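# I would like the atomic coordinates for the input below:
(one chain, ligands or ions: 1)
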Amino acid sequence: MKQYRILPMAIVGIIVLAIDQLTKFLVATQMSLGESIPVIGEYLKITSHRNSGAAWGMFEGRMLFFYIITVAVLVFLIYFYKTEAKNNLLMQVGITLLMAGALGNFIDRLLFQEVVDFVDVLIINYDFPIFNVADSALTVGVIILLIEVFITGRGKNKK
Ligand SMILES: CCC[C@@H]1OC(=O)[C@@H](C)C[C@H](C)CCCCC(=O)CCC[C@@H](CC)/C=C\C=C(/COC)CC[C@@H](O)[C@@H](O)C[C@H](O)CNC1=O
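Okay, the predicted model is just below:
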């Protein structure tokens, strides 16, 4: 248990997943499609948006593709956790975030065949795609794993 921290990681994953699903639910029920609520002026808004594709609307509507990819990603992450994340907290956190993010968008795709997006940021005059908590978890998870492999851990098990 200590080496894999299954219980703490499961709690982190469930909390991230719950926040993702709650925020999507609130946006979908409390806002009309396209409605926008400024949080920090033009720079950060909550905009109710839907996306039946991946980042930037790629593979729009290809739900079977998304189901297959997501199950493959989840199976790979479980395998990777068991083989590479032993005694490695950073890697365990990164993989947990990736799994929570993948599951969050998977639930939306299974239930609605599209994903609820609402985080609308204006980055240096480039209107970044609208995303959600699950995308944030996926992106942070990717960054953590990259840091772990290339900077701190070099992939080896750390005490
Ligand atoms: C973040 C992964 C996207 C997420 O992948 C998932 O679900 C996984 C589990 C399933 C995918 C089929 C697999 C990855 C496809 C590759 C991809 O997509 C390139 C990733 C670039 C990424 C590097 C990490 C940068 C940034 C993206 C965005 C900002 O993220 C903060 C824009 C998000 C908005 O376009 C929003 O509309 C997307 C919508 O919510 C559906 N989300 C997905 O498909």
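
# Which helix or which strand is home to T83?
helix 63-84 (DSSP states H and E).

# So for that helix, mean pLDDT?
What helix 63-84 shows for mean pLDDT is 97.

# ok, now stretch 139-148?
96.

# How about stretch 122-132?
84.

# Start and end of that stretch, how far apart?
15 Å (CA to CA, to the nearest Å).

# Show me which residues of it are buried.
Using 16 or more other CB atoms under 10 Å as the test for burial, stretch 122-132 gives I130, F131, N132. Every residue, glycine included, has its C-beta placed from N, CA and C.

# From the rest of the structure, what touches that stretch?
Applying CB atoms under 8 Å, 6 or more residues apart in numbering, the contact partners of stretch 122-132 are 20, 23-24, 42-44, 47, 49, 51, 55-57, 104-105, 115-121.

# Among those, which ones lie close to the ligand?
N51, A55, W56, N105, V115, D117 (CB under 6 Å from any ligand atom).

# Throw these into CSV and include pLDDT, thanks.
As requested, these are exported to CSV (pLDDT from 0 to 100):
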residue, pLDDT
N51, 97
A55, 92
W56, 85
N105, 98
V115, 97
D117, 97
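
# so which of the residues you listed is the most crowded?
N105 (25 neighbours; other CB atoms under 10 Å).

# of all the buried residues of stretch 122-132, which comes closest to the ligand?
Closest approach to the ligand among those (CB to the nearest ligand atom): F131, at 3.9 Å.

# Can you pull the phi/psi pair for the closest one?
phi -130, psi -170 (degrees, to the nearest 10).

# returning to that earlier point: which positions within the helix holding T83 qualify as buried?
By neighbour count with 16+ other CB under 10 Å, helix 63-84 contains the buried residues F66, T70, V73, L77, Y81, E84.

# moving C-terminal of that helix, what's the next helix or strand?
helix 89-112.

# what's the angle from the helix or strand containing A10 to helix 89-112?
Under the criterion of DSSP H and E, A10 resides in helix 6-30. Using axes from the mean of the first three to the mean of the last three CA atoms, to 10 degrees, the inter-axis angle of helix 6-30 relative to helix 89-112 is 40 degrees.

# name the helices or strands packed onto the next helix-or-strand element following helix 6-30?
Heading C-terminal from helix 6-30, the first helix or strand you meet, by DSSP H and E, is strand 36-40. When contacts are defined as 3 or more CB pairs under 8 Å, 6 or more residues apart in numbering; DSSP states H and E, strand 36-40 sits against strand 44-51.
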